[in-house]
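Visitor: Got a sequence here, can you model it:
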Amino acid sequence: MDRVKSSMQQVPNPIPKVLSRRTAANSLEAEKENFERSQAVSINKAINAQEVAVKEKHARTCILGTHHEKGAQTFWAAVNRLPLSSNAVLCWKFCHVFHKLLRDGHPSVLKDSLRNKADLSDMSRMWGHLSEGYGRLCSIYLKLLITKMEFHTKNPHFPGNLQMTDRQLDEAGENDVNNFFQMTVEMFDYLECELNLFLAVFSSLDMSRSVSVTAAGQCRLAPLIQVILDCSHLYDYTVKLLFKLHSCLPADTLQGHRDRFLEQFKKLKDLFYRSSNLQYFKRLIQIPQLPDSPPNFLRASALSEHISPVVVIPLEESSPDNDPVLETEDLIDTDSASQMSSFENKFDDVFGSSSASDPFNFTGQNGTYRDDKDRLIEQLYHEIRALREEMDTFKTESHRLCQALRSRVSELEAELAEQTHLKQQALGDSEFLRAELEDLRRVKEDTEREQRSVTEIERKSQANEQRYIKLKEKYTELVQSHADLLRKNAEVTRQMTVARVAQDEVASIRKEMEEKLKATVEEAQQKEQEQNKRLQALCAELASTREELVSQQVLAELNSMIQTLEQEKDSLTEMMNQKTTEVSSLNAELQRVQGALESEQQSSAKAAEALQNQLNEKETQEQALERQHDIERLALFYLTLEEAEKIVQDALARLDDPAHASCTCSADYLISRSEAALDSVGHLEVAVEHFMTDRRGLSAMLQCVAPFAHLIGDTIVQGSATSHMASIQQADLLSEAVKTCGAEALSYLQVLKTVETLANADSATLKGCLSKVTLIGEGLKPKGLDLKQGELGDLVEEEMTATFSAVESAAKRIEEMLSKSRTADTGVKLEVNERILASCTDLMQAIKVLVLSSKDLQREIVDSGRGAASMKEFYAKNSRWTEGLISASKAVGWGATVMVDAADLVVQGKGKFEDLMVCSHEIAASTAQLVAASKVKADKDSANLCKLQTASRAVNQATASVVASTKSGKSQIEEKDTMDFSSMTLTQIKRQEMDSQVRVLELENQLQKERLKLGELRKKHYELAGVEEGWEEEGTG
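Guide: Numbers count the residues shown, from 1 in each chain. As a prediction, this is how the structure comes out:
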């Protein structure tokens, strides 16, 4: 108002209350010309060839122009003059502006745009020939806009921005399920086009860089704001319509709808999540997050759990590059007629009302001041616009500062959470290091204890051996002297006295030697005790020193670090609370006093600078803490390497230990130990490579060193033990190989001790030594069957095939016997034969299933790659297991053949039921052997193993059925021969009783003999099976 008054004072003549008005025609033409000019300027500024995002103020001017014009004729007149078909960026920005007009423009924009639908389709096909860049994006965007136009044409109830209430949504479908069904399909197509544009934009950007902060990236991402707004409404309406359809139609009819919704739900959830992480969208739009799982349309109550996604667009920020053009003229002039009338009223209140008869008749003396008054009015208009622009600038700047402070608070909260996570991670690492240190201490104590016991035993054995050697030498001398004396006794009787003197001297020398020996033993024992005491004292002192140093340093450092982290956490929390209060006070102060904006900007800048300094200090402290952790891990790694060297050295020392000479080991166990050691070398090598690329990977090296040392030491000890059972040449080779392996392991550990030589660590020589040990162990394995390696695998397949063929032929023979019995037998005998043969058939079928399951399990074991590249190599490597399979397969086939022969004799009446029962038990035992041999190397969770066990139980049940049917048939046939004693006299009965007693005694005696014979046969069978399997060779070796 002060500016208005000052402007009024500058006018030389007073302003009259009557203003001149131009004619109505000229005014309308001028207004239309100005409108078209301003619209053309805004459209050309919004749609240009620069790869930057469309400015919001230019797009808003275009939207207001459609409401002012009540259509889009001016927009299309300006757009048709642009070269959209020759510039992809220009076409992309046109699509963005056109999308905004369809959403927020006048409803007649759709009707005016349908005339250009064919041109848009041709342009989409033209740009579709390009497979990358803006051309492909323009083709997809134009298809989306055409789909949007078609959707709103078919469904005129939906506004351009898709904002509807539930009641309006029901009215759009006219409460007809067919309309709802078709509307859902159209929404699916609409949402599919939106998602295609979403995916195309993301796939055209390099997401590994911060593309959202570049002008080119923002140019591609800006249209996605309109896509997000459309997708949120389409997803909400689709969910509601699907629930409505499921309440009216069967679930099977809507299966296609549910599948399509589920696919689009996954895409939309992923795209919303990826968009919310981009910095460009965080300051422009608040993107909702969809639920973790899609709605369950089969449960009607799930509709109450559905929450409509709401997209929040905060107040728009002013760009620093906005030119101070007079764009607000349209915002004022085209807002509404009421605003113009109110402005005119205010103008009349200031400058006076016009005449009622002819308010704009400027004639006479006032006509000379018309130009000055117009200039004054324009000047006042400009000043009012400038004041409003300044006020809007203040508001936007204050809002920007509030947003910046809020984002800073969020960043500080995220940093606090990250520091808390780092603290927890550091505590976890310290606990892990403590546990590792305790394990190493326990291993060291056990090693020292074993070393002391071994040393003591070694010393005692050496002393006993020396004592035995001395006594043996003395005894030899005595025997020789005694023989000489006997030979010379006849010849030199006169020298008897001399001989006696010599014997006395010998006795005295012997006593002296014994006394010297006792003294030497006592001195050795005293020295041993002194050395043990000294060693125990040194060990105790070393352990106490290490425990004091480690415990004091580690505990002190950990406590100090924990206290420091707690203090930093408290300080950050207090600082965050202070900044929160500062933000609230700044907001209140900004709302109360907008004039003091400049001072608040300075204070917020200082606060931001202080926070940045504190953040830098925090990063410095974190780096120092990380360096301290690295130093501690490295020290622990060095200690672990020293302990690993001691373990390997102890294993090498055992090779020369006489007590170790009695230890033996099998070649199979040595091979397993060497292969495990080879795997541990590979793991350690991988950990070293990972540490060279990432210095934080020291924990993996710590975990690999201890198993490496133990497995190498175990390989050395077991290799020496295995050499005691081999020939001299092979024993020498194996001993030399394990010694070389130990030396290479020590050199490899020595290389790992320093970071400088860690890059040159090469375990190829050590792997070669372990491979050589494995190769020597393979040569020491006992040979079972006298077959080549390739023939052993073929023999397994042949035996399994032969077993299956034997079982099939046995089943066919049983069917033939059953058909013959039905033609030849009748009555009880036919019934017994049918029952026995049916149970035998079931047993054969169960055995067939068992053999097939066994073959499947063996194939799975071989395919799992347990130490072989092919089936023959696997069978050759595991020869003992393979020979067990061959033996079990032979037993099953032989048992099936014998049982069929016994069943044939029983059916013919020539055999015994007991033969059939024994054959059944023999088959059960053979199948159990086959099951045990098949599953010995199988995984306990294998599905084929479960099938094999099920088949084994079926065989047992079938065997029990055969035995039961045999016993039942035997009892039925024996019932026919019932004993009748009614016609016998007392003497005859007595005679029969005595005969029966004699028969019972004979049978008992025969039973005892048969049992002894059975025991001897089983012993002999076990011995022969052992020889065939190679047990005797292994025992003698």
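Visitor: Which strand or helix spans the residue nearest in space to the middle of the chain?
Guide: When Cα atoms, centre = their mean is applied to the chain, the residue found nearest the centroid is Ala700 (18.0 Å). If you go by DSSP states H and E, Ala700 is part of helix 698-723.
Visitor: which strands and helices sit next to that helix?
Guide: Here helix 698-723 touches helix 370-489, helix 597-654, helix 667-693, helix 728-751, helix 764-780, going by 3 or more Cβ pairs under 8 Å, 6 or more residues apart in numbering; DSSP states H and E. No exception for glycine: its C-beta is placed from N, CA and C like everyone else's.
Visitor: How many residues are close by Ala659?
Guide: Residues lying near Ala659 (other Cβ atoms under 10 Å) number 12.
Visitor: what number of residues lie near the nearest residue to it once chain neighbours are set aside?
Guide: Of all residues beyond its chain neighbours, the one nearest Ala659 is Ile457 (5.5 Å), with distances taken as Cβ to Cβ, 6 or more residues apart in numbering. The tally of other residues near Ile457 (other Cβ under 10 Å) stands at 13.
Visitor: and what of Ala810?
Guide: Neighbour tally, Ala810, other Cβ under 10 Å: 25.
Visitor: downstream neighbour of the helix or strand harbouring it in the secondary structure list?
Guide: Ala810 belongs to helix 789-824 when elements are defined using DSSP H and E. Next along the chain after helix 789-824, taking DSSP H and E as the criterion, comes helix 827-863.
Visitor: Now do the buried residues in that following helix.
Guide: By 16 or more other Cβ atoms under 10 Å, the buried positions in helix 827-863 come out as 829, 832-837, 839-844, 846-851, 853-858, 860-862.
Visitor: Kindly report the same for stretch 674-688.
Guide: The neighbour-count check on stretch 674-688 (16+ other Cβ under 10 Å) flags 674-678, 680-681, 684-685, 687-688 as buried.
Visitor: of those residues, closest to Ser889?
Guide: Proximity of those to Ser889 was ranked by Cβ to Cβ; the top entry is Glu675 with 28.7 Å.
Visitor: so where's the stretch 851-1000 of the chain shaky on pLDDT?
Guide: 865-887, 936, 972-983 (pLDDT under 70).
Visitor: One more pass at 80, please.
Guide: In the predicted model of the stretch 851-1000 of the chain, residues 851-917, 919-942, 944-945, 948, 959, 962-963, 965-993, 995 satisfy pLDDT under 80.
Visitor: And the helices in it?
Guide: 871-877, 879-908, 913-935, 943-976, 986-1029 (DSSP state H, counting those that start in this stretch).
Visitor: I'd like to know how many residues surround Gln466.
Guide: Gln466: 14 neighbours (other Cβ under 10 Å).
Visitor: how far away is it from Asp762?
Guide: Distance, Gln466 to Asp762, by Cβ to Cβ, to the nearest Å: 45 Å.
Visitor: Also Ala745?
Guide: Counting by Cβ to Cβ, the separation of Ala745 from Asp762 is 13 Å.
Visitor: Among the two, which residue is more densely surrounded?
Guide: Higher neighbour count among Ala745 and Asp762: Ala745, with 31 against 10, using other Cβ under 10 Å.
Visitor: what sits against that one?
Guide: The neighbours of Ala745, taking Cβ atoms under 8 Å, 6 or more residues apart in numbering as the test, are 648, 708-709, 712, 766.
Visitor: Can you tell me how far it is from Gln614?
Guide: 51 Å.
Visitor: Then Leu234?
Guide: For Leu234 relative to Gln614 (Cβ to Cβ), the value is 46 Å.
Visitor: higher neighbour count, those two?
Guide: Leu234 (21 against 15).
Visitor: between the helices and strands packed on helix 698-723, which gets nearest to Ser805?
Guide: When the helices and strands packed on helix 698-723 are compared by Cβ to Cβ, helix 667-693 sits nearest Ser805, at 33.3 Å.
Visitor: tally of neighbours for Ile228?
Guide: 23.
Visitor: Revised request: answer the last question for Leu405.
Guide: 20.
Visitor: How much space separates it from Arg1018?
Guide: In terms of Cβ to Cβ, Leu405 sits 93 Å off from Arg1018.
Visitor: Kindly report the same for Ala761.
Guide: 59 Å.
Visitor: repeat for Ala891
Guide: Counting by Cβ to Cβ, the gap from Ala891 to Arg1018 is 14 Å.
Visitor: again with Cys741
Guide: Using Cβ to Cβ, Cys741 is found at 46 Å from Arg1018.
Visitor: Equivalent analysis for Pro250, please.
Guide: Pro250 sits 70 Å away from Arg1018 when distances are taken as Cβ to Cβ.
Visitor: residues in contact with Lys100?
Guide: Applying Cβ under 8 Å, 6+ apart to Lys100 gives the contacts 59, 62-63, 226.
Visitor: same thing but at 7 Å, please
Guide: Going by Cβ atoms under 7 Å, 6 or more residues apart in numbering, Lys100 touches 59, 63, 226.
Visitor: Gly160 now?
Guide: By Cβ under 7 Å, 6+ apart, the contact set of Gly160 is 102-105, 110, 152.
Visitor: so is it in a helix, a strand, or just coil?
Guide: Judged by DSSP: H, G, I helix; E, B strand; the rest coil, the three-state class of Gly160 is coil.
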